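1. Quick one: sequence and predicted model below, then my questions.
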Amino acid sequence: MKKHLLIFAVALLAIAVATPSFAAVEFKYGGQFRARFMAGEDNVRDGSDTPGFYNNFTGVGYDSNDNRRFIDQRVRLYFTFQASKNLKLVTRFEMGDIVWGKEPGNLGGSGGRGSGGGVGADGVNVELKSAYVEFNIPGTPSTGIVGIQPLVLLDSWIIDEEFSAAVLVTKLNPFRVTIGYAAGQYGADNLITGGGSFTQFTRSDLNVDDLFLAVDWADGPFKATGVFFWQNGHKSTVSMDPRTLSVATGNFVGTSSPFFNQNLVDSNNLFDFGLNFTYKIDWLLAYVNFVKNFGTVDFRGLGVPNQNTGVLQTSVDYTGFMVDAGVSYFCGPYTFNIGGFYTSGPSFSNVRAVNGDAPAGVAANTLPFRGTNSTDIDWFVTPLGTSKYSSEIIGGGVLGDDIQTFRGFGNGNGLGGGLETVYWRGYQFPTNLWTVTAGAAWQVAEKTRISGSYWYFGTANKVPYAINPNNTNLYKMSNSIGHELDFYLDQGIVDGLTLTLVGAYLIADDAFAPIPLRATPQPGYFRSNADDAFEIGARLMWNF
């Protein structure tokens, strides 16, 4: 690792020294250092204190009480080469996120991303975040941006990630028009299957291509944005299967059924239409966001069985939506805010067999996507690549964004195997989730700020949390996740270095820990297993 960093440092030094020899090229730099100290966390991942209840069935190695304490850090370095006001090259690198004490090998991973915190600090940690050229097109009001670049659409509700992309921005006062292409995924060789009775994929089957158009309008305190986004998922299950929002796969993960060879996607087109309205003056900020899913997934061969009837369907439609609104009031050193969002979700049945959980003597339907009681994809879905934050525990926050907050448990090998259901998601792809929130902040002094917020979370549609002891063919249902309280103290130390103290507590309700799918239930399956969750920690950060 030291050898790699030395080579990297020498190369940057050589570039910096050589820069004056290039005519009119200006070298700029900046970056960010961040260290986080998780002093204590409990139940954020599994939602339960019940020993052995979830760790046996999630397949992701959580302990029964889900306790975590760790320190991690990262460094981001930004380097810009500015030829003139018309041309620049932007590069961004990241070293991290490195967990202190994390060694390569059996105790900490494979020595790849995130390792290097152990003795000797060996690990492959230098990541490329951005590498793009930005140039003005002569004689036009347009700017081209080509390369690996960050893209954010509609306050992260559509996409928020680095993409390999080509973008054209045209300023036509009071409008700004942005059109672009982004490569979501190319090939994914390791997911290609073949041989035997399985359908063999080609690389193009697993491609994901995106086209988008965004129109921004501004007039005084008023702003509005309209976004049109098309994700061509080709023959992958991207977005349609809620377990494949990080990597687009080529079949229904974990599905084993007599229809397997036909349960493959022939075409997968997701269209998003989004709107934002914002009003901002010195003492008030108000906004509304809205996104509607459109599009269709077509299946090969005979189609896939309907969840309720078993009748084969040749296609399903995207019908989900979300709405998000908030108001902030600024009064001297005080800030007050209220708001909330709603994301649509699937309609789950209280009958175990319909959700794919078959008690003895009851045949489960062979479902391509588990748990929905509908003929279409009615949960709110996102294209490949976004990170939407909200509260600390459910929504990622300051300390919790190293994991995805989801509630979905399997009957088999956990994520990626068995009959599985994703009941709801928080960070990073909110779905089947709604919240209302109120908060306040006080700028006590120039470098001291105290803030807090209250969040109530629920599910758009009820989810099963226990088996009915009076009728084991049925579930008990709930749509209440719980009440979350978040507190922050930001204290400036010196020259922009800031320490943030974090405390968060979730008073959990039944839907915080939905029931796993299991044909033979254990005693704990007949009661609510949701337990309160909390986080306590700190973040040290310097932007330079």
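-> Ah, there it is.

2. start to end distance for stretch 161-180?
-> Start and end residues of stretch 161-180 are separated by 14 Å (C-alpha to C-alpha, to the nearest Å).

3. quick one: contacts of it?
-> Applying C-beta atoms under 8 Å, 6 or more residues apart in numbering, the contact partners of stretch 161-180 are 129-130, 140-151, 181-184, 210-219, 385-387. All C-beta atoms are positioned from the backbone trio N, CA, C, and that covers glycine.

4. Repeat that for stretch 460-476.
-> Taking C-beta under 8 Å, 6+ apart as the rule, stretch 460-476 contacts 342-348, 350-353, 355, 359, 362, 407, 423-424, 432-434, 477-479, 510-511, 513-515, 521, 525-530.

5. about what we covered before: which of the contacts of stretch 161-180 are buried?
-> Among the contacts of stretch 161-180, those classed as buried by 16 or more other C-beta atoms under 10 Å are 130, 142-143, 145, 147-149, 151, 182, 184, 210, 212, 214, 216, 385-387.

6. of the contacts of stretch 460-476, buried ones?
-> By 16+ other C-beta under 10 Å, these give 342-348, 350-352, 355, 359, 407, 423-424, 432-434, 477-479, 510-511, 513-515, 521, 525-526, 528-530 as buried.

7. Let's see which of the residues you listed end up in strands.
-> 342, 343, 407, 424, 434, 477, 478, 479 (DSSP state E).

8. The second one reaches residue 432, doesn't it?
-> In this case it means residue 343. Yes. Between residue 343 and residue 432 there is a contact at 6.6 Å, judged by C-beta atoms under 8 Å.

9. between these two, what contacts are shared?
-> Common neighbours of residue 343 and residue 432 (C-beta under 8 Å, 6+ apart) are 379, 380, 460.

10. For these, which entry has the maximal number of neighbours?
-> Of all these, the highest neighbour tally under other C-beta atoms under 10 Å goes to residue 379, namely 30 neighbours.

11. helix, strand or coil for that one?
-> The three-state assignment at residue 379 reads coil, by DSSP: H, G, I helix; E, B strand; the rest coil.

12. Could you report the separation of it from residue 502?
-> Separation of residue 379 from residue 502 (C-beta to C-beta, to the nearest Å): 30 Å.

13. Residue 536 now?
-> 7 Å.

14. neighbour count winner among the two?
-> Using other C-beta under 10 Å, the more surrounded residue of residue 536 and residue 502 is residue 502, with 23 against 18.

15. secondary structure element for the more buried one?
-> Here residue 502, judged by DSSP states H and E, is contained in strand 497-508.

16. and the least confident of the ones in strands among the buried ones among the contacts of stretch 460-476?
-> Ranked by pLDDT, these bottom out at residue 407 (70).

17. shaky segments in the stretch 1-150 of the chain?
-> Low-confidence regions of the stretch 1-150 of the chain, defined by pLDDT under 70, span residues 1-23, 51-66, 103-116, 118-123.

18. Break down it into its strands, ranges please.
-> Along the stretch 1-150 of the chain, counting by DSSP state E, counting those that start in this stretch, strands occupy 26-42, 67-84, 87-99, 126-136, 142-153.

19. Repeat that for the stretch 151-300 of the chain.
-> According to DSSP E, counting those that start in this stretch, the strands that the stretch 151-300 of the chain contains are 159-172, 175-185, 208-219, 222-232, 265-281, 284-299.

20. Report the angle between the fifth one and strand 284-299.
-> Here strand 265-281 runs at an angle of 170 degrees relative to strand 284-299 (axes from the mean of the first three to the mean of the last three C-alpha atoms, to 10 degrees).

21. Pull out the buried residues from strand 265-281.
-> Buried positions in strand 265-281, judged by neighbour count with 16+ other C-beta under 10 Å: 265, 268, 269, 270, 271, 272, 274, 276, 278.

22. burial of residue 499, as a residue count?
-> 16.

23. my read: it touches residue 537, true?
-> No. Counting by C-beta under 8 Å, residue 499 does not reach residue 537; the two are 11.3 Å apart.

24. Spatially, what comes nearest to the most centrally placed residue in the chain if we skip its sequence neighbours?
-> Centroid-nearest residue in the chain: residue 428, 2.4 Å away (criterion: C-alpha atoms, centre = their mean). Nearest non-adjacent residue to residue 428, counting by C-beta to C-beta, 6 or more residues apart in numbering: residue 387, 4.7 Å away.

25. Report the secondary structure state of the one you found.
-> Here residue 387 is recorded as coil under three-state DSSP.

26. where does it fall, phi/psi-wise?
-> Note on residue 387: backbone dihedrals following degrees, to the nearest 10 are phi -140, psi 100.

27. just the one 10 residues further on next, same as before
-> Per-residue torsions, residue 397: phi 50, psi -150 (degrees, to the nearest 10).

28. and the gap between it and residue 291?
-> In terms of C-beta to C-beta, residue 397 sits 22 Å off from residue 291.

29. And stretch 278-293, what's buried?
-> Quick answer for stretch 278-293 (16+ other C-beta under 10 Å): 278, 285, 286, 287, 289, 290, 291, 292, 293.

30. Is the second one in contact with residue 223, as I believe?
-> No. Counting by C-beta under 8 Å, residue 285 does not reach residue 223; the two are 10.7 Å apart.

31. where do the contact lists of the two overlap?
-> 278, 279.

32. re the thing from before, help me confirm that the residue nearest to the centre of the chain is found in a helix?
-> No. Residue 428 is assigned coil when assessed by three-state DSSP, not a helix.

33. Looking at it now. What's its pLDDT?
-> Reading off the confidence values, residue 428 has pLDDT 87.

34. do residue 332 as well
-> Residue 332 is given a pLDDT of 95.
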